[in-house]
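Engineer: Need coordinates for the following:
(2 chains)
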Number of protein chains: 2
Amino acid sequence: MAKARTVLRKRAFPVGDVRRYLEPGPVVLVSSAWRGRTNVMTMGWHMVMAFSPSLVACYIWEANHSFDMIRRSRECVLNLPTVDMLDTVVDIGNCSGADVDKFTAFGLTAVPARKVGAPLIGECHASFECRLHDGRWIGRHGLFVFEVVAAHVAPRPKHPRTVHYLGDGEFMVAGDIVSRRARFRADRL
Amino acid sequence: MAKARTVLRKRAFPVGDVRRYLEPGPVVLVSSAWRGRTNVMTMGWHMVMAFSPSLVACYIWEANHSFDMIRRSRECVLNLPTVDMLDTVVDIGNCSGADVDKFTAFGLTAVPARKVGAPLIGECHASFECRLHDGRWIGRHGLFVFEVVAAHVAPRPKHPRTVHYLGDGEFMVAGDIVSRRARFRADRL
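Structural biologist: Alright, predicted model coming up:
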């Protein structure tokens, strides 16, 4: 078994700022469609919940223009941008679909999805088509539980340089990949 | 506004493997206490949901020994390990608290928490004391919504080298930090 390191001295930290440490899953661009219009939002709050069915929970603030489009259409696409798209990621978050046609404004390519009405964003490294699986906590917590029904991934690079929001305008860029495959119990991978 | 890049060619990808792209939030070590015993589990599925109160949703598999300890005590601590603890992180996930006293076996230091009964792990970069805020989806989805009631963070390094599980035994280590603070609309930080 591995040996632990030394005990660290710590300071009290504001509980409302724990995102700085717990949030850094990859930022995604959420595309949606409703009544002939499309939209894109920047999102950092999501989590994998199951493999089969493939479930992903997402928090969407009700003030977002995408909130109603996704709630009504019961579909969206989670698109994975990489660090070369970081300025676009920020700019998309800075404006609202109520005022701007974001696909046009940001020169994004809307690629038809296979199973949902929302378009894929062609420039992103990967796109995951989602259908609403459980909407019972949308009202209580703004929580949408989606099932990923189709997934599209660029074959290279194997490990895209995703961006991970830390709050306060800072992002962590995906770093080195290390494997501990041989160390895992086979049923714990 | 930023210019987008070229459209990428993509391949179909197994929907059950989307964790390879969507999961990489930081792996945490979840410590718990119940009836005089403590335990630690390795966890990768969590998401920030709100700032005030500070809410974090966590998926815990009911087969984990920690599941009942946390459900009954309604408390836990989310501890943030760094890459130098990676072997310990894997080894903790390889065994069960039903068989092993993990604090002892892995040489971890149990530091008393301020507001909850579960101990902090002294060796971790940060520790977040949590109380169960909403347990109504524990049965349906294994989802615990916690409120972070106290937070402890080592002052240095400012950006710890957290580890982010990609599935299949691979981890992404936190990489470069980039700021776009000046580009954000102030109300979107």
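Engineer: Please count neighbours and contacts with C-alpha atoms only from this point.
Structural biologist: Fine.
Engineer: Now for residue A:151: which residues touch it?
Structural biologist: Neighbouring residues of residue A:151 by Cα atoms under 8 Å, 6 or more residues apart in numbering or on different chains: A:126, A:127, A:128, A:129, B:12, B:13, B:14, B:15, B:18.
Engineer: who touches residue A:169 in this structure?
Structural biologist: When contacts are counted by Cα under 8 Å, 6+ apart, residue A:169 touches B:179, B:180, B:181, B:182, B:184, B:189.
Engineer: out of the residues you listed, which touch chain A?
Structural biologist: Restricting these to those near chain A by Cα under 8 Å from any Cα of the partner chain leaves B:179, B:180, B:181, B:182, B:184, B:189.
Engineer: Which ones among these map onto strands?
Structural biologist: Under the assignment DSSP state E, these contribute residue B:179 to strands.
Engineer: distance between the ends of stretch A:98-108?
Structural biologist: 17 Å (Cα to Cα, to the nearest Å).
Engineer: If you could redo that for stretch A:5-15, that was the one I meant.
Structural biologist: End residues of stretch A:5-15 are separated by 26 Å (Cα to Cα).
Engineer: Kindly report the same for stretch A:49-61.
Structural biologist: Note: stretch A:49-61 ends 20 Å apart using Cα to Cα.
Engineer: Surely residue A:97 forms part of a strand?
Structural biologist: No - looking at residue A:97 with DSSP: H, G, I helix; E, B strand; the rest coil, it is coil, so not inside a strand.
Engineer: Quick check: it vs residue A:139, distance?
Structural biologist: In terms of Cα to Cα, residue A:97 sits 21 Å off from residue A:139.
Engineer: Between the two, which is the more surrounded one?
Structural biologist: Each of residue A:97 and residue A:139 has its neighbours counted (other Cα atoms under 10 Å in any protein chain shown); residue A:97 has more, 18 against 10.
Engineer: check contacts around that one.
Structural biologist: Counted by Cα under 8 Å, 6+ apart, residue A:97 has contacts A:39, A:40, A:65, A:66.
Engineer: Which per-residue confidence value corresponds to it?
Structural biologist: The per-residue pLDDT reported for residue A:97 equals 93.
Engineer: and the gap between it and residue A:129?
Structural biologist: 20 Å.
Engineer: where does chain A have its least confident helix or strand?
Structural biologist: Using mean pLDDT, DSSP states H and E, helix A:19-22 stands out as the lowest-scoring helix or strand of chain A, at a mean of 69.
Engineer: all helices for chain A, in order.
Structural biologist: Counting by DSSP state H, the segments of chain A that form helices are A:19-22, A:65-73, A:86-94, A:102-105, A:138-141.
Engineer: what's residue A:111 in contact with, if anything?
Structural biologist: Contacts of residue A:111 (Cα under 8 Å, 6+ apart): A:119, A:120, A:121, A:122.
Engineer: So which of these reach chain B?
Structural biologist: Contacts with chain B within the contacts of residue A:111, counted by Cα under 8 Å from any Cα: residue A:122.
Engineer: re the thing from before, I'd like the ones next to chain A among the contacts of residue A:169 as a markdown table, with neighbour count, distance to residue B:71 and pLDDT appended.
Structural biologist: Shown next, in a markdown table, are those (neighbours: other Cα atoms under 10 Å in any protein chain shown; distance: Cα to Cα, whole Å; pLDDT from 0 to 100):
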| residue | neighbour count | distance to residue B:71 | pLDDT |
| --- | --- | --- | --- |
| B:179 | 15 | 39 | 95 |
| B:180 | 14 | 40 | 95 |
| B:181 | 15 | 40 | 93 |
| B:182 | 8 | 43 | 94 |
| B:184 | 17 | 40 | 93 |
| B:189 | 17 | 34 | 84 |
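Engineer: which of the ones next to chain A among the contacts of residue A:169 lies closest to residue B:49?
Structural biologist: When the ones next to chain A among the contacts of residue A:169 are ranked by distance to residue B:49 (Cα to Cα), residue B:189 comes first, at 15.3 Å.
Engineer: Touching, residue A:164 and residue A:172? I think so.
Structural biologist: Yes - contact status for residue A:164 versus residue A:172: in contact at 5.0 Å, counting by Cα atoms under 8 Å.
Engineer: residues touching the residue positioned nearest the centre of chain A, list them.
Structural biologist: Nearest residue to the geometric centre of chain A (Cα atoms, centre = their mean): residue A:28, 3.2 Å. Residues near residue A:28 by Cα under 8 Å, 6+ apart: A:42, A:43, A:44, A:78, A:79, A:80, A:81.
Engineer: wouldn't residue A:12 be in contact with residue B:153 here?
Structural biologist: Yes - using Cα under 8 Å, residue A:12 is in contact with residue B:153, at 6.5 Å.
Engineer: Pull out the buried residues from stretch A:43-62.
Structural biologist: A:43-50, A:54-61 (16 or more other Cα atoms under 10 Å in any protein chain shown).
Engineer: wait, does that stretch contact chain B?
Structural biologist: Yes - Stretch A:43-62 lies within reach of chain B by Cα under 8 Å from any Cα, at A:45, A:46, A:47, A:48, A:49, A:51, A:52, A:53, A:54, A:59.
Engineer: that older thread, between residue A:164 and residue A:172, point out the one with more neighbours.
Structural biologist: Ranked by neighbour count (other Cα under 10 Å), residue A:164 and residue A:172 place residue A:164 first, with 25 against 22.
Engineer: pLDDT score for the more buried one?
Structural biologist: Value listed for residue A:164 in the pLDDT field: 94.
Engineer: Kindly report the same for residue A:18.
Structural biologist: pLDDT, read off for residue A:18, is 73.
Engineer: those strands in chain A, which residues are they?
Structural biologist: A:11-13, A:28-34, A:37-43, A:46-50, A:55-59, A:75-80, A:110-111, A:120-121, A:126-134, A:143-153, A:163-165, A:170-179.
Engineer: can you list the weak-confidence ranges in chain A?
Structural biologist: For chain A, applying pLDDT under 70 flags the ranges A:1-4, A:19-20, A:22-23.
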